[in-house]
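Asks: Model the following, please.
(one chain, ligands or ions: 1)
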Amino acid sequence: MNAEAPSKDEMDPIENASRDEISALQLERLKWSVRHAYDNVEHYKKIFGEAGVHPDDLQDFSDLVKFPMARKRHVRENYPFGMFAVPREKVARIHASSGTTGNPTVVGYTKKDIDTWADLSMRSIRAAGGRAGDLAHISFGYGLRTNAFGLHYGAERLGCTVVPVSGGQTERQLQLINDFKPDIMMVTPSYMLSLGDKLKQNGIDPRKTSIRIGIHGAEPWSVAMRDEIEELFDIDALDIYGLSEVMGPGVACECIEDKDGLHIWEDHFYPEIIDPETEEVLPDGEYGELVLTSLTKEALPVIRFRTRDLTRLMPGTARTMRRMERVGARSDDMLIIRGRNVFPSQIEEVILQDKRLSPHYALEVTKHDRLETLTVLAEIRPDAGGFGETFREGIGKDLAQRLKTSLSMTVNTKIVPVGEIERSMGRVKRVIDLRIED
Ligand code: DLL
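Replies: This is a model prediction of the structure:
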C-alpha cells in the first residue's frame, strides 16, 4: 500500500456513526425526499398517483417498495427541465449526457447540491488515501457530462492542488505527469492503461513516476484490471462510482483500508438491490440491479432510480456505511450469444490470467446463417516471449480453452500484435456488434 488511510478524526463523523444513527437519518431524509419529489415534480405526482401511493404512506423503509421506480427514460421524456423540483432560476448548474440517441439526459444542481457533491467527492478522495497538499491530475472530461466536475471541487475542498487537464491529448498528459509530478490521477481505468503504455513507449518507467494513487471509474473494470494498473504504475488503484442522474462521481468509493467494495455514502443515498426482471427487492448480499434514492438532492430528486448496474450490498468495514461490490457490468452491457449471457468483465478476468496477454482487448460479435459467433481479440504483450503468428496462435488456442471452461461456451480467439487494439482516450468501447439480422 502506497497511500495512507485517514485517521478516524479526519473522517466525517457520520462515516463511522452507528447503523441505528445512519438508519434514523436516512428515514427522516427519505420521507423529505419523497415528499419533495411529489410536491414539486409533476412526473412523480403522476406515477405515485397511478400506483395509488402518497408520501404519507412512507412510514418505514419497508413502505418504499410501494413506490414506483424511476428510469433514465423518464428524465429523457421530460427534457429539458421537467424533472427539476425547483424553479430553473434556483438551478446553479446543468449537466447533460451526450445524447447520441434521442434527447440528452439533463440533470441540475442547486448551490446546496453542488456543495453536497463537493463534500462527497472530498470524502471519496480521502477514503481513497488522498490528502491535503496532494497534487491531483484530473483526466476525466470537463464539459457537459458530469465526469470531472464533482471530483474537481472535492479535491479542492480536501486541500489538493488541482490540475484540470481533461481527457485526450495524451502527449500533453505525459508532459504534465512528468513536470507537475501528481500524487493522484483521476481518469478512467482504460485511459490509465493507455497512459502507462505511452509512458513506456517514451522510455519512462510508469513505476518511477510520482503517482501514488489512481482514482478510477466511469466504466466497469475487473479486479484483474485493478491489479494490472497497480502493478504497471506501482500505485494503489481505487474504484469510484456514480451516475449523473443520481449526482455524478462520488456516490460510492472504495477505501484504501481494504480496497474491497465501494462504501455508498448512505447519508445522501438510499440503496436497494432488485431482481431486474421482476423488480422484487433482494436482501443484502444477493446480486441484482442497484436502485438508488437521493435523500438530500434539491434540484433533481430521484426516487428509486434504476441504475441498470449489477452489484450486491455488503456490510461496512473501515466505515459503517454499507459497501457495494464493484460494478462488473451493466444489465444492458450483457451480450447474449446463442442464448447464453456473457459479460465483458468475465472475459477480461480470463484474458488477464495469462501474463502473455495485455489488458487491451475487444469483443466482436457476428451473425451469419443464423449462427452467432463471439470473437475475442486480445493483444500480446511486448514481453510475451515471442511475437510470430504461430506463437500467437498457440496463445489463442489456450485462451479459447480457458474461455470455454469459464463461460461454458465456444468462442473464437484472435491474438493480435502489440498496438493493434485501439487505445482508450476516455471511456473504452469493447464490444463491436456486427450482427446483421438474416
Ligand atoms: O460516469 C460518473 C463518473 C465519473 C463516475 C467519473 C466515476 C468516475 P455517467 O456518465 O452518468 O456518470 O455514467 C454512469 O457509468 O451507471 C455505470 O454504468 C458506469 N460507471 C460509473 N462508475 C463506474 C464504476 C459517470 N466505478 C454509468 N464501475 C453508471 C463500473 C461505472 N461502472
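Asks: Any idea what the residue of the stretch 201-350 of the chain found nearest the ligand is bridged to?
Replies: Proximity of the stretch 201-350 of the chain to the ligand (C-beta to the nearest ligand atom) peaks at Gly217, 3.0 Å away. For glycine as for every other residue, the C-beta is placed from the backbone atoms N, C-alpha and C. Partner residues in beta bridges with Gly217, using DSSP bridges, are Ile240.
Asks: from memory it sits against Ala237, does it?
Replies: No - with contact defined as C-beta atoms under 8 Å, Gly217 and Ala237 do not form a contacting pair (10.6 Å).
Asks: Now the common contact residues for these two.
Replies: Taking C-beta atoms under 8 Å, 6 or more residues apart in numbering as the contact rule, Gly217 and Ala237 both touch Pro189.
Asks: Give me the more crowded residue out of these two.
Replies: Shown here are Gly217 and Ala237; by other C-beta atoms under 10 Å, Gly217 has more neighbours (28 against 25).
Asks: would you say Gln401 is within a helix?
Replies: Yes - assessed by DSSP: H, G, I helix; E, B strand; the rest coil, Gln401 belongs to a helix.
Asks: how many other residues sit next to it?
Replies: By other C-beta under 10 Å, the residues close to Gln401 number 11.
Asks: just the one 10 residues further on next, same as before
Replies: Neighbour count of Val411, defined by other C-beta under 10 Å: 18.
Asks: So which helix or strand of this protein has the lowest pLDDT on average?
Replies: Least confident helix or strand, the chain: strand 329-330 with a mean of 82, by mean pLDDT, DSSP states H and E.
Asks: Give me the residues contacting that strand.
Replies: Defining contact as C-beta under 8 Å, 6+ apart, one finds that strand 329-330 is touched by 220, 308-310, 343-345.
Asks: any bit of it sitting next to the ligand?
Replies: Yes - counting by C-beta under 6 Å from any ligand atom, the ligand is contacted by strand 329-330 at Arg330.
Asks: Adjacent strands (with direction) for that strand?
Replies: Next to strand 329-330 in the sheet, as set by DSSP bridges, lie strand 305-311 (antiparallel).
Asks: chain center to the strand it pairs with: distance?
Replies: Averaged C-alpha coordinates place strand 305-311 at 11 Å from its chain's average position (C-alpha atoms, centre = their mean, to the nearest Å).
Asks: With adjacent residues omitted, what lies nearest to the residue in the stretch 51-200 of the chain that the ligand sits nearest to?
Replies: Using C-beta to the nearest ligand atom, the single residue of the stretch 51-200 of the chain nearest to the ligand is Asn147, 4.2 Å away. Residue nearest to Asn147 in three dimensions, not counting chain neighbours: Phe140, with 3.9 Å by C-beta to C-beta, 6 or more residues apart in numbering.
Asks: Got the confidence number for that neighbour?
Replies: Listed pLDDT for Phe140 reads 96.
Asks: before we move on, what about Thr100?
Replies: Note for Thr100: predicted pLDDT of 61.
Asks: what's the answer for Met1, then?
Replies: For Met1, the model assigns a pLDDT of 59.
Asks: Then the one 5 residues further on?
Replies: Reported pLDDT at Pro6 in the predicted model: 95.
Asks: Glu348 too?
Replies: At Glu348, pLDDT is 94.
Asks: what sits against Leu64?
Replies: Counted by C-beta under 8 Å, 6+ apart, Leu64 has contacts 30, 58, 270, 272, 293, 304.
Asks: That one belongs to a helix, doesn't it?
Replies: Yes - using three-state DSSP, the assignment for Leu64 is a helix.
Asks: all strands for the stretch 251-400 of the chain, in order.
Replies: Using DSSP state E, counting those that start in this stretch, the strands of the stretch 251-400 of the chain run over 262-264, 269-274, 281-282, 288-294, 305-311, 313-314, 323-324, 329-330, 335-337, 340-342, 357-368, 371-380.
Asks: Of those strands, which shows the lowest average pLDDT?
Replies: Comparing mean pLDDT across the strands of the stretch 251-400 of the chain, the weakest is strand 329-330, with a mean of 82.
Asks: Please tell me how far it is from the chain's geometric centre.
Replies: For strand 329-330, the distance to the chain centre is 10 Å (C-alpha atoms, centre = their mean).
Asks: Give me the number of neighbouring residues for the residue of the stretch 51-200 of the chain closest to the ligand.
Replies: Neighbour count of Asn147, defined by other C-beta under 10 Å: 28.
Asks: gap between it and His95?
Replies: For Asn147, the distance to His95 (C-beta to C-beta, to the nearest Å) stands at 9 Å.
Asks: shared neighbours of these two, which are they?
Replies: By C-beta under 8 Å, 6+ apart, Asn147 and His95 have these common neighbours: Gly248.
Asks: This completes my enquiry, with thanks.
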